Each structure stands twice: as C-alpha cells, then as structure tokens.
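Student: Quick check, what structure comes out for this input:
(one chain, ligands or ions: 2)
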Amino acid sequence: MVQPCNAVVLISGSGSNLQALIDSLGEDNPLRIRAVVSNRADAYGLTRAQNAGIATQVLDHKAFADREAFDCALIEAIDGFRPDLVVLAGFMRILTPAFVRHYSGRLLNIHPSLLPKHKGLNTHQRALDAQDSEHGCSVHFVSEELDGGPLIIQAVVPVEPGDTAETLALRVHMQEHRIYPTAVRWFAEGRLRLAAEGALLDGEKLPATGYLIRT
Ligand SMILES: Nc1nc2c(c(=O)[nH]1)N[C@@H](CN(C=O)c1ccc(C(=O)N[C@@H](CCC(=O)O)C(=O)O)cc1)CN2
Ligand SMILES: NCC(=O)N[C@@H]1O[C@H](COP(=O)([O-])[O-])[C@@H](O)[C@H]1O
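Tutor: Ligands and ions are numbered 1, 2, ... in the order given. A predicted model of the protein is given here:
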C-alpha cells in the first residue's frame, strides 16, 4: 500500500499546470495537494485551487527586504503543511541555495524548453530566434543552478513554419500538462528519486535527457 504523498504547489500565474495536477488526482493516485502558495495575489491559479477546495496562501516577494528573507518566510509557510514534495508550477522566482538545499530531492520544476537549451525566461521566442526545428518542455529536480537540475522527463514538439511565440507556447503547454502529472505521480508512488548520480526511475538512472517523449 503506497502512502499518501503530501505536496505543496508554488505558482505565480495562470496555474494551468496546477490544474493538470489537480485533474490527475484520483483514488489510485497517492498525490495529495495540501496547499497552493503564490508570490502574486492576482495569480489565477489561486482561484483554481480554491475551486478545488485546496488551501491557498499568498506571500508577496516584494514585501521582503531581500531574496533570502522571502525564501525563509516561504520555507516557514510551506513546512506548515509538512510536505513530502514541493512542486514549482510556473513559479517565477529564482530560489536561494538555502531553499534548494532544504528541499533537495523533493523539489520539482517544469521548464518550457528542451533543457539544457534556453534556460531562464522567454524560451519560446528564443527558440524561434535560434531557428530551432524542435522545442519542448522539461521536468527536472531543482538544483541551485537555475534550470540545471537532473532531468526527469522531456516532451519534444516540432517548430512549424509561421510559428509565433504564442502558437509555440500553446503546443508546449499541451505537453506540459501531460508530462508534469506523470513525473509528479512517479515521485508520489515512490518510483522516482534523486540520487548522487542523478534522477532514478524504478532504481534505474534516467538518461541525460530524462525520459524522452517525441510527439
Ligand atoms: N535555484 C533555482 N530556482 C528556480 C529554478 C531552478 O531551477 N533553480 N527554476 C525556476 C523556474 N524558472 C524556470 O523554469 C525560472 C523562474 C524565474 C526566473 C527569473 O528570472 N525570475 C526573476 C523574476 C522574474 C519575474 O518576476 O517575472 C527573479 O527571480 O529575479 C528564471 C527561471 C524557479 N526557481
Ligand atoms: N521558467 C519558468 C517558466 O517559464 N515556467 C513556465 O511558466 C508557465 C506557467 O504556466 P501555468 O501558470 O499556466 O502553469 C509554464 O509554461 C511553465 O513551463
């Protein structure tokens, strides 16, 4: 019998990835979303959480003296829910080394590019500017290096002629909503873990790309 996996989800915006995780909940999924925490009060993801009966909290990073103070308060808020897992779902703040160390091995992120390409922001336009023929999204364990943690799963989408950042984002979003619930469920089921050598699925080291899905 798999124990419930208590998760706290961090957001900053629309929360469509949060919604995909909410929609993945069910009797045979050990994932339990105990709370959603946003650094922005206007994040629509807060409404999605409230509609699903999930506790919400807002912690405005601008209300803190510096990044370290914000992250310290964020840890205190998150730990109040005693999480087994912290899920970044469009959370748009770079986290301090202290935060990452505190949740090491139980901190996931989804990024809208085929890492290690296009770390950071504005990935869809950067893929177009680079004339990439392929683009996609990546789920990874979060490390101190921004978007540099061990890859868990990637989905590849084609870049089509005439694509704009908006059309590309829509194609990537569709895949995000598939791979994130999959990766989070792997963790919740105890199949996925972070080891010194990288990300392990069922005890086997995942490839450098993570589990690769071509669409
Ligand atoms: N230490 C880490 N922190 C975070 C990681 C990570 O891998 N290591 N992933 C990011 C998520 N992310 C991309 O996937 C990302 C989020 C935010 C930024 C960024 O430049 N943020 C700016 C503010 C931007 C804004 O408010 O719109 C900042 O924090 O100054 C880059 C990448 C989450 N954190
Ligand atoms: N670097 C972090 C980053 O850009 N994350 C991206 O923000 C979007 C959030 O959408 P959502 O709020 O609808 O889930 C997602 O596309 C996610 O990959």
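
Student: Going by C-alpha atoms from here, please, whenever you check contacts or count neighbours.
Tutor: Noted.

Student: Which residue, other than its chain neighbours, is closest to the most centrally placed residue in the chain?
Tutor: Taking C-alpha atoms, centre = their mean, the centroid of the chain lies closest to Asn109, which sits 2.7 Å from it. In space, and not counting its chain neighbours, Asn109 is closest to Leu88: 4.8 Å by C-alpha to C-alpha, 6 or more residues apart in numbering.

Student: The one you found touches Ser12, doesn't it?
Tutor: No. Contact criterion C-alpha atoms under 8 Å: Leu88 and Ser12 do not qualify, at 9.3 Å.

Student: List the contacts of Leu25.
Tutor: Contacts here follow C-alpha atoms under 8 Å, 6 or more residues apart in numbering; on that basis Leu25 touches 31-32.

Student: Next one: it relative to ligand 1, how far apart?
Tutor: Applying C-alpha to the nearest ligand atom, to the nearest Å, the value for Leu25 to ligand 1 is 23 Å.

Student: Can you give me the pLDDT of the nearest residue to Asp84 once chain neighbours are set aside?
Tutor: Distances taken as C-alpha to C-alpha, 6+ apart place Asn6 nearest to Asp84, at 5.2 Å, with adjacent residues excluded. Looking at Asn6, its pLDDT reads 98.

Student: go on, Pro161?
Tutor: 97.

Student: residues near it, how many?
Tutor: 7 (other C-alpha atoms under 10 Å).

Student: In three-state terms, how would it be classified?
Tutor: Assigned with DSSP: H, G, I helix; E, B strand; the rest coil, Pro161 falls in the coil class.

Student: For Leu192, list the residues it contacts.
Tutor: 183, 186, 199-203 are the contacts of Leu192 under C-alpha under 8 Å, 6+ apart.

Student: ditto for Leu95
Tutor: 67, 71, 144.

Student: one more time with 10 Å, if that's ok
Tutor: By C-alpha atoms under 10 Å, 6 or more residues apart in numbering, the contact set of Leu95 is 67-68, 70-71, 142-146.

Student: Show me what from this structure comes close to ligand 1.
Tutor: Contacts of the chain with ligand 1, taken as C-alpha under 6 Å from any ligand atom, map to 91-96, 110-111, 120-121, 142-148.

Student: at 8 Å what do you get?
Tutor: 88, 90-97, 99-100, 109-112, 119-121, 140-149 (C-alpha under 8 Å from any ligand atom).

Student: thinking again about what came up before, residues in a beta bridge with the residue nearest to the centre of the chain, which ones?
Tutor: Leu88, His140 (DSSP bridges).

Student: quick one, strands of the protein?
Tutor: 5-11, 31-38, 55-58, 85-88, 107-111, 134-141, 151-158, 192-195, 198-201, 204-205, 211-214 (DSSP state E).

Student: want to throw those into TSV with distance to Ile75?
Tutor: Formatted as TSV, the strands of the chain follow (distance: least, C-alpha to C-alpha, whole Å):
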stretch	distance to Ile75
strand 5-11	11
strand 31-38	11
strand 55-58	13
strand 85-88	10
strand 107-111	12
strand 134-141	17
strand 151-158	24
strand 192-195	20
strand 198-201	24
strand 204-205	30
strand 211-214	30
